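[1] Build me a structure from this.
(one chain, ligands or ions: 1)
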Amino acid sequence: MQKLLFKTLFYAASILYTTQSFAQLPQDSRRPGGIAIIQLAPTITQASLNGQPVIITQENNQKYAVLGIPLSASLNQPLQLQTNKENVTIQLQNYPYAEQHITLKNQDFVSPSAEQLARYQKEAQEQTKIYQSFTTAQWQKFPSFIAPTQGKFSNSFGRKRFFNGEERAPHSGLDIPAPIGQKVIAPADGIVVGTGNYFFNGNTILVDHGQGMISMFCHLSKVEVRVGQRIHQGEEIGLVGKTGRVTGPHLHWGMSLNNARVDPQLFLAH
Ligand SMILES: [Zn+2]
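    Below is the predicted model:
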């Protein structure tokens, strides 16, 4: 009887342990703009997608690849995760991203001039370089994330967007409506790798969380950190604003893994 009780308690404790620690990993959602969590054999030490290194992490003595799926991924073409041992095929599922029609008073943000386009292209190159970077993670265990500011939000990531009737790139982040001047905090530990005033994104901060996991905060009224600064989860990094291409004050929060922009909601408690 005692043995059975012990076994039951042990089982209950292990379920609790598994649930708690597993919650650190983002949610598995195999769709364009989603994330795939792939179990790896212990001998696998490297993984990449289209030549871009992919996060490898450990939970309860099990290795996992945490793979960002590009928004441009085709449903007809399974992804091939390449590792130092074997290739893993990942099938994608359809996801019904909504359409959004936005009216902007400033036509420059719909049809930028040649000069504005040149500025945007230079900024996009700077950002791509950051998204392609891959630094050693400071963490042993995948970091937990918290929302970077207070406010209600839902499923604004991935929307097919039309500005004044013209189709533009799908929305690559999550919008959190909030008043100008509200605190923006670091959702996890990291190092500031970019700050700037960008044409579309306004005042922006980019943070490296290790192994190619980059977060981005846009349209800020104030940037309170500098490049190279180490920041900790919960620390204030800036203030909500309405700079760049916006219709009102909000925080645009972006997350990128292996140079693929993914839905930030997948990192929050689920
Ligand atoms: Zn946005």
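[2] surely residue 204 meets residue 216?
    Yes - here residue 204 lies in contact with residue 216, judged by C-beta atoms under 8 Å, at a distance of 6.5 Å. From N, CA and C alone the C-beta is placed, and that goes for glycine too.
[3] Give the residues shared as contacts by those two.
    Taking C-beta atoms under 8 Å, 6 or more residues apart in numbering as the contact criterion, residue 204 and residue 216 have no common neighbours.
[4] mind listing the helices for the stretch 51-200 of the chain?
    Listed from the start of the chain, the stretch 51-200 of the chain has helices (DSSP state H, counting those that start in this stretch) covering 114-132.
[5] residue in it nearest to the ion?
    Nearest residue of the stretch 51-200 of the chain to the ion: residue 175, at 4.3 Å (C-beta to the ion).
[6] Provide a list of residue ranges in this protein with pLDDT below threshold.
    Of all residues in the chain, those with pLDDT under 70 make up the ranges 1-23.
[7] List the contacts of the closest residue to the ion within it.
    Across the chain, no residue is closer to the ion than residue 252, which sits at 3.4 Å (C-beta to the ion). By C-beta under 8 Å, 6+ apart, residue 252 lies in contact with 173, 174, 175, 201, 216, 217, 218, 219.
[8] helix, strand or coil for it?
    At residue 252 the chain is in strand, as set by DSSP: H, G, I helix; E, B strand; the rest coil.
[9] Neighbours of the nearest residue in space to it that is not next to it in sequence, how many?
    The spatially closest residue to residue 252, leaving aside those adjacent along the chain, is residue 218, at 4.0 Å (C-beta to C-beta, 6 or more residues apart in numbering). Other residues near residue 218 come to 24 when the count uses other C-beta atoms under 10 Å.
[10] Could you give the backbone dihedrals for residue 218?
    For residue 218, the backbone dihedrals are phi -120, psi 170 (criterion: degrees, to the nearest 10).
[11] Could you double-check that it lies in contact with residue 249?
    No - counting by C-beta under 8 Å, no contact exists between residue 218 and residue 249, whose distance comes to 11.8 Å.
[12] Thanks again, I'm all set now.
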